[in-house]
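Asker: build me a model from this:
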Amino acid sequence: IPDAAETVAEETKPVEIQGGWPAINAVIGDLTYGKRRLGHVELVARNTVAANGHLWQIQKLNVTNPAATLKSSGSWLKRFDGFNETHLLLDNEIKSLGGMLTRLDMPNLISGGSGSIKGDLSWEGTPLGFNTESFDGTLNIDLRRGEILKIQPGPAAKLLSLLSLQSLTRYLTLDFRDFYSSGFNFTTIQGKADINNGLMNIKGLTLVGGSATVVMNGTINTQKETENLHLLVLPDVNAAGASIALAIANPIAGIGSFLAQLIFKDPLSKLFSFEYNVTGTWADPIVTKVDSHKF
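Answerer: Sure, this is the predicted structure:
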């Protein structure tokens, strides 16, 4: 399917078929949409009567390839005035996060990585018109053992650059540039984000890596490509640091509570911890160091 299909799907008014759209039960052995190599696709959907347009109940939309298996269900509403809205429940089991992103035409962002990304998302547009700027819903992230690579140009790349601390290296009191200059190796990434009209509210996103543990709270605006984040960075100065940090990290607890508990269990970490406020744009973040030794 060419990229132009998205524009056609968004702009074409629904065909006036008696009783609405037909049911469909389709199996596609190998689907490519634009440059995105999706793989094996199964779609089961049926028409439901709606007063304001055609509503497809998507009973199953599964995508399987060597990198990941996505199971989803939801609905697609195309109103008579041309407005589209899609809602999907997502359960994505990932064998290779880097491989999955490459198949989605976002190469060289992640190496390795496995785990799951689950969500309840809706957006303005068709299922093909995947519109991150109008996202609503929740995302739960649980990833293991990968590397956020040295970032290349592009919106998704700029966001990953922020998460991988590449924008923070020149602000670190100790010289950890060698750890971050080529990428960020992680053993675990866990967290939750609530999304409202493209504004992501991040709650206790925890990145545990070989060089540091990072706990992140705050907001990311996918429409304006801006952020307002509070980061706690704990360079891994002892073997137990990462496991202690991961055990304590809790989306309900604030960063202050997290740090206080960590220092109580591991006082040495107090000497090597850093806190930052990060604002501005993804491309040019404004990083302000915060006094992290007040607990």
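Asker: report the buried residues of the helix or strand containing Val49.
Answerer: For Val49, the host element (DSSP states H and E) is strand 36-50. Residues of strand 36-50 classed as buried by neighbour count (16 or more other C-beta atoms under 10 Å): 36, 38-39, 41, 43-45, 47. Quick note: C-beta positions are derived from backbone N, CA and C, even for glycine.
Asker: what of stretch 109-127?
Answerer: Quick answer for stretch 109-127 (16+ other C-beta under 10 Å): 109-110, 112-119, 121-127.
Asker: equivalent analysis for stretch 207-214, please.
Answerer: Within stretch 207-214, the residues that count as buried by 16+ other C-beta under 10 Å are 207-209, 211-214.
Asker: low-confidence stretches in the stretch 1-150 of the chain?
Answerer: When residues are selected by pLDDT under 70, those of the stretch 1-150 of the chain lie in 6-7, 9-21, 150.
Asker: in strands only, show me the buried residues of stretch 207-214.
Answerer: Among those, the members falling in strands (DSSP state E) are 207-209, 212-214.
Asker: can you put those in TSV and add pLDDT and distance to Asp105?
Answerer: Converted to TSV, those look like this (pLDDT from 0 to 100; distance: C-beta to C-beta, whole Å):
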residue	pLDDT	distance to Asp105
Leu207	83	25
Val208	82	29
Gly209	77	27
Ala212	74	30
Thr213	79	31
Val214	81	28
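Asker: what's the nearest residue to Gly209 if we skip its chain neighbours?
Answerer: In space, and not counting its chain neighbours, Gly209 is closest to Phe186: 4.6 Å by C-beta to C-beta, 6 or more residues apart in numbering.
Asker: and that neighbour, what's its pLDDT?
Answerer: Looking at Phe186, its pLDDT is 84.
Asker: start at 391, not 1
Answerer: With the count now opening at 391, the last piece we talked about shows up as Phe576.
Asker: give me the buried positions along whichever strand or helix holds it.
Answerer: Element membership for Phe576 (DSSP H and E) is strand 573-586. Under the neighbour-count criterion of 16+ other C-beta under 10 Å, strand 573-586 has 573-583, 585 buried.
Asker: could you dump it to PDB, C-alpha only?
Answerer: Taking C-alpha atoms only, strand 573-586 is exported to PDB below (Å, rounded to 0.1, in the frame of the first residue of the first chain):
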ATOM      1  CA  GLY A 573      24.500   5.800  23.200                       C
ATOM      2  CA  PHE A 574      22.800   4.600  26.400                       C
ATOM      3  CA  ASN A 575      22.800   0.900  27.200                       C
ATOM      4  CA  PHE A 576      19.800  -0.100  29.300                       C
ATOM      5  CA  THR A 577      18.900  -3.200  31.200                       C
ATOM      6  CA  THR A 578      15.400  -2.000  32.000                       C
ATOM      7  CA  ILE A 579      13.000   0.800  30.900                       C
ATOM      8  CA  GLN A 580       9.800   0.800  32.900                       C
ATOM      9  CA  GLY A 581       7.100   3.500  33.300                       C
ATOM     10  CA  LYS A 582       3.600   4.800  32.400                       C
ATOM     11  CA  ALA A 583       2.400   7.800  30.400                       C
ATOM     12  CA  ASP A 584      -1.100   9.300  30.400                       C
ATOM     13  CA  ILE A 585      -1.800  11.200  27.100                       C
ATOM     14  CA  ASN A 586      -4.300  14.000  26.600                       C
END
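Asker: direction included, what does it pair against?
Answerer: The pairing partners recorded for strand 573-586 under DSSP bridges are strand 526-539 (antiparallel), strand 589-599 (antiparallel).
Asker: distance to Asn667 for these - can I get that in TSV?
Answerer: Below are the strands paired with strand 573-586 laid out as TSV (distance: least, C-beta to C-beta, whole Å):
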stretch	distance to Asn667
strand 526-539	21
strand 589-599	14
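Asker: looking at these, which one is packed in the most?
Answerer: Highest mean neighbour count of these: strand 589-599, a mean of 21 (counted as mean count of other C-beta atoms under 10 Å).
Asker: mind listing the strands for this protein?
Answerer: 414-423, 426-440, 443-455, 458-469, 474-484, 500-514, 526-539, 573-586, 589-599, 602-611, 616-625, 664-670, 675-680.
Asker: now these in CSV, with distance to Met490?
Answerer: Below are the strands of the chain laid out as CSV (distance: least, C-beta to C-beta, whole Å):
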stretch, distance to Met490
strand 414-423, 14
strand 426-440, 10
strand 443-455, 8
strand 458-469, 4
strand 474-484, 6
strand 500-514, 8
strand 526-539, 11
strand 573-586, 14
strand 589-599, 19
strand 602-611, 21
strand 616-625, 24
strand 664-670, 27
strand 675-680, 26
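Asker: Ala395 is nearest to which of those?
Answerer: Closest approach to Ala395 among those (C-beta to C-beta): strand 414-423, 7.4 Å.
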